[in-house]
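[1] Got a predicted structure plus its sequence, pasted below:
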Amino acid sequence: HTHLQGGFIWDWVDQGLYDAVKGWTYGGDYGVDAPSDANFLCNGIVNPDRNPHPGYYEVKHVYQDIAITGIAPEEGRFVIQNRFYFKDLSDYTVHWRLERDGKPVQKGKLSFSTPAQGSEEFSLQIPKRKLRKRGEYRIFFETETARALPLLGKGTVVAADEVLLKDTGALKTYKSHRGAEVTESETEIRLESGKGVLVFDKALGIVRSYTYKGSNLFDPDFGLRPNFWRGPTDNDYGNNQPYRAYAWKEASQAFQAEVTVEKGTLHAVYTLPGGCSMAVDYSLLSGGLLKIAAAFHGAEKKPVDIPRIGFRFRVKENDFHYFGRGPVENYIDRNAGTFKSVFTTKASDEFYPYVRPQETGHHTETEWLATKPLTVIANGTFEFSALRHSVEDLDSEESGQPFQWTNFDTPPVHDEEEAEKYHKRRQTHLCDVPDRDFTEICIDGAASGVGGYDSWGSRPEPARTVWSNEDRTFTFTLVPTRARKTEKAIRYAY
C-alpha cells in the first residue's frame with residue numbers, strides 16, 4: 001500500500017561475542033545450563049564486527065532509493081526512477097558500463113535532476129559496431145554520491161542495477177567423431193578416448209577417476225559423485241528440513257546404481273529416496289572431454305524439499321574464475337543484489353564466517369567455471385560452490401559437538417534421543433570448520449533457496465524450492481585445460 005511501510009529487518013547485527021579460540025560465541029557458551037536462545041539472536045545482516053553478510057547486499061538493493069530499468073534496451077532506452085520523497089537526484093552521478101560475456105566494452109557517466117517520486121527516460125548512444133560480436137551484452141548502472149553528503153562520502157555507491165541488453169551468444173557445436181573404447185572388469189568400467197581416461201567404480205557407483213594425458217583432473221580418492229545435500233542453514237533447522245529431508249543426505253553418501261554401456265557411453269541409473277531416480281550418461285567425447293547428462297525423475301506423492309541436485313568433486317587448486325552471479329554468495333531466492341559478470345577469486349575467500357557455520361559460497365546463473373586443471377561448461381546455466389571445506393564440514397551434525405539447549409525448563413531438560421532423531425542443530429563455532437588442502441566443487445542443476453519469512457518455521461517460496469516430485473535435467477562438460485584452454489573451451493556447446 002502506498003501509505004504503509006513494511007518489510008523491515010528484525011535485527012541489524014548478530015549479537016555474538018568474539019573468543020580467540022572458538023571464533024564467534026553465542027547463547028549456550030556461558031555458564032552451566034544457563035537459559036538462552038542459543039544463536040537465535042545472531043540473525044542480523046551484519047556480523048558482530050559489522051562485516052556485512054552476503055544477504056546485506058540483497059537488502060541494500062531492495063531498499064535503494066534510485067532504480068534504473070530498461071524500456072527498449074537494444075535501442076539504448078532506459079528509465080530512472082527517483083524513490084526519494086523530498087529531494088531530486090542532483091546530488092548523484094550514474095556510472096554505466098557495457099559488458100559482453102563479462103568483459104568491458106564501453107563505459108560512461110550521466111547526471112540527472114529527476115524530482116522526488118518522479119521518473120525520467122534517457123538514452124545511451126552505443127555504436128552498433130560495439131554490438132556486432134556474438135555474446136551476452138549487459139549494462140550495469142552504479143549510482144554514486146556526486147559530493148559528500150551527511151554520513152556518506154563522495155563516491156559512495158547508493159544504488160546498482162543490471163539490464164540485459166541482448167543475447168546473441170550462439171555457440172559452435174562441438175563434434176565428437178567417435179565413441180570411447182570400453183574395457184570392463186568385475187570392479188570397474190574404463191572409458192578411453194583420445195588422451196582422456198574415465199574409470200567408474202561399479203561397487204561405489206561413482207566416477208572414481210578422470211585423467212588427461214595421465215594427470216588426474218580431480219581427486220581419485222573422492223571421485224565425482226552425485227550430491228543432494230548442503231550444510232543446513234539456521235532457517236533449515238528452524239523449519240525442520242534436516243529431519244524432513246534426511247534421506248537425501250543418506251543418498252549423497254552411498255549410491256545404488258544400475259550401470260550399462262552403450263556405444264561408448266556409460267549409463268548409470270541411481271535409486272533415490274521415495275521412488276525417485278536419476279539417470280546419468282557419462283560420455284567421454286573425442287578429445288578426452290567428459291560430458292555428464294543427468295535426468296532427475298521425481299516420484300514422491302508427498303513431495304519433500306531437496307537441498308540441491310548435482311555432483312561434487314575435489315581439486316587441489318584454490319584459485320578459480322567464473323562467469324555467473326557474484327561476487328558474494330547468492331541463491332535462487334537471494335540474487336537480485338548480485339550481478340552477472342566474470343569474477344576471479346579463491347575458494348578460501350568464498351567461505352563466509354557466519355556465527356554458527358552453515359551452508360555458504362553458492363552462486364547462481366553460471367555459464368562456466370574454470371580452475372587450473374579444467375573448465376566446467378553447462379548447456380544452459382548451472383549453480384555452484386567452490387570451498388576449502390566439504391559439505392560435511394558445514395553440517396553441524398557431523399561436528400561431534402553437543403546439541404543446542406535453551407534450558408528454559410526447571411530443571412533443564414536435555415532429551416538427547418529426541419535431538420538425535422530429529423537431527424537438531426548443534427553448538428558449533430568457526431573453530432569446528434577445518435581448513436582443507438582441497439577445493440570441493442559442487443556443480444548443481446538446481447538448488448533450493450535459503451529464505452523464510454521467519455527463522456522458526458517458514459520455508460523458502462515453493463517456486464524457489466527443489467521438489468522431489470519434479471523432473472529436472474541438466475548437462476555439463478568437464479574440459480581439461482591441456483586439451484582446450486578456457487578461452488577456447490567456452491566458445492562451444494558440447
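    Received the coordinates, thanks.
[2] need the helices for the stretch 151-300 of the chain, in chain order.
    234-238, 241-244, 246-250 (DSSP state H, counting those that start in this stretch).
[3] for this protein, what helix or strand is lowest in average pLDDT?
    strand 172-173 (a mean of 90; mean pLDDT, DSSP states H and E).
[4] in what helix or strand does the residue lying closest to Phe382 once chain neighbours are set aside lie?
    By the measure of CB to CB, 6 or more residues apart in numbering, the closest residue to Phe382 outside its immediate chain neighbours is Thr366, 5.3 Å from it. For glycine as for every other residue, the C-beta is placed from the backbone atoms N, C-alpha and C. Using DSSP states H and E, Thr366 sits within strand 362-370.
[5] Low-confidence regions, the chain specifically.
    Within the chain, the segments meeting pLDDT under 70 span 1, 7.
[6] Find the centremost residue of it, please.
    Among the residues of the chain, the one closest to the centroid is His362, at 2.2 Å (CA atoms, centre = their mean).
[7] Provide a list of residues in contact with it.
    Contacts for His362 were tallied using CB atoms under 8 Å, 6 or more residues apart in numbering; they are 329-331, 383-385, 447.
[8] how close does it get to Lys172?
    Applying CB to CB, to the nearest Å, one obtains 30 Å for the distance of His362 from Lys172.
[9] Check Lys301 too.
    Counting by CB to CB, the gap from Lys301 to Lys172 is 44 Å.
[10] now Arg491
    Taking CB to CB, one finds Arg491 at 6 Å from Lys172.
[11] repeat for Tyr85
    Distance from Tyr85 to Lys172, by CB to CB: 52 Å.
[12] next one: Asp444
    On the measure of CB to CB, Asp444 and Lys172 end up 26 Å apart.
[13] Looking at the two, which one has more neighbours?
    Asp444 (26 against 9; other CB atoms under 10 Å).
[14] does that one have beta-bridge partners, and which?
    Asp444 has the following beta-bridge partners by DSSP bridges: Gly310, Glu383.
[15] My guess is it contacts Pro307. True?
    No - Asp444 lies out of contact with Pro307 (CB atoms under 8 Å); the separation is 9.4 Å.
[16] circling back: in its sheet, which strands sit next to the strand holding Thr366, and in what direction?
    Applying DSSP bridges, one finds strand 362-370 paired with strand 319-326 (antiparallel), strand 374-387 (antiparallel).
[17] which parts of it are buried?
    Applying a neighbour-count criterion of 16 or more other CB atoms under 10 Å, one finds 362-370 buried in strand 362-370.
[18] now the strands: where do they sit in the stretch 101-250 of the chain?
    103-111, 119-123, 136-145, 157-167, 172-173, 181-184, 188-193, 196-201, 206-212, 215-216, 225-227 (DSSP state E, counting those that start in this stretch).
[19] Which among these is found nearest to Val376?
    strand 206-212 (12.3 Å; CB to CB).
[20] so what secondary structure elements neighbour that closest one?
    Applying 3 or more CB pairs under 8 Å, 6 or more residues apart in numbering; DSSP states H and E, we find strand 206-212 packed against strand 196-201, strand 225-227.
[21] quick one: strands adjacent to the last one?
    If I follow you right, that is strand 225-227. So strand 225-227, judged by DSSP bridges, has these partners: strand 308-315 (antiparallel).
[22] Tell me what angle the strand it pairs with forms with strand 206-212.
    50 degrees (axes from the mean of the first three to the mean of the last three CA atoms, to 10 degrees).
[23] returning to what we had before: packing partners of the least confident helix or strand of the chain?
    strand 492-493.
[24] which residues sit against the strand it packs on?
    Looking at what lies outside strand 492-493 - CB under 8 Å, 6+ apart - the contacts are 171-174, 377, 379.
[25] Just the buried ones among those, please.
    Applying 16+ other CB under 10 Å to the contacts of strand 492-493 flags 174, 377 as buried.
[26] ok, the contacts of strand 492-493 vs Glu470, which is closest?
    Once CB to CB is applied, the member of the contacts of strand 492-493 that ends up nearest Glu470 is Asn379, at 19.0 Å.
[27] Roughly how far does the closest one sit from Leu17?
    48 Å.
[28] What of Gly452?
    Distance from Gly452 to Leu17, by CB to CB: 26 Å.
[29] before we move on, back to that, tabulate the strands paired with strand 362-370 (JSON lines), appending distance to Glu440.
    Output for the strands paired with strand 362-370, formatted as JSON lines (distance: least, CB to CB, whole Å):
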{"stretch": "strand 319-326", "distance to Glu440": "12"}
{"stretch": "strand 374-387", "distance to Glu440": "6"}
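[30] Tell me which of those strands approaches Gly194 most closely.
    From the strands paired with strand 362-370, taking CB to CB, the stretch that ends up closest is strand 374-387, at 14.9 Å.
[31] what about the closest one, distance to the chain center?
    Between the centre of strand 374-387 and the centre of its host chain there is 10 Å, according to CA atoms, centre = their mean, to the nearest Å.
[32] Repeat that for stretch 296-314.
    16 Å.
[33] show me what contacts Pro373?
    215, 217-218, 315, 317, 480-481.
[34] Please give the element, helix or strand, for the closest residue to Pro411 other than its chain neighbours.
    Leaving aside its sequence neighbours, Pro411 sits nearest to Asp33 (CB to CB, 6+ apart; 8.0 Å). Secondary structure from DSSP H and E places Asp33 outside every helix and strand.
[35] just checking, Asp33 touches Pro402?
    No - assessed by CB under 8 Å, Asp33 is found out of contact with Pro402, at 11.6 Å.
[36] Around the nearest residue to the residue nearest to the centre of the chain once chain neighbours are set aside, how many other residues sit close by?
    With CB to CB, 6+ apart as the criterion, His362 has its nearest non-adjacent residue at 4.8 Å, and that residue is Ser385. By other CB under 10 Å, the residues close to Ser385 number 27.
[37] Let me see the contact set for Ser385.
    329, 350, 360-363, 440-442.
[38] Turn those residues into TSV, columns for distance to Ala38.
    Converted to TSV, the contacts of Ser385 look like this (distance: CB to CB, whole Å):
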residue	distance to Ala38
Glu329	23
Glu350	26
Thr360	19
Gly361	24
His362	24
His363	29
Glu440	28
Ile441	32
Cys442	28
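[39] quick one: which of those residues is most hemmed in?
    In the contacts of Ser385, the most neighbours by other CB under 10 Å go to His363, 28 neighbours.
[40] List the residues that contact that residue.
    322, 324-326, 329-330, 383-385.
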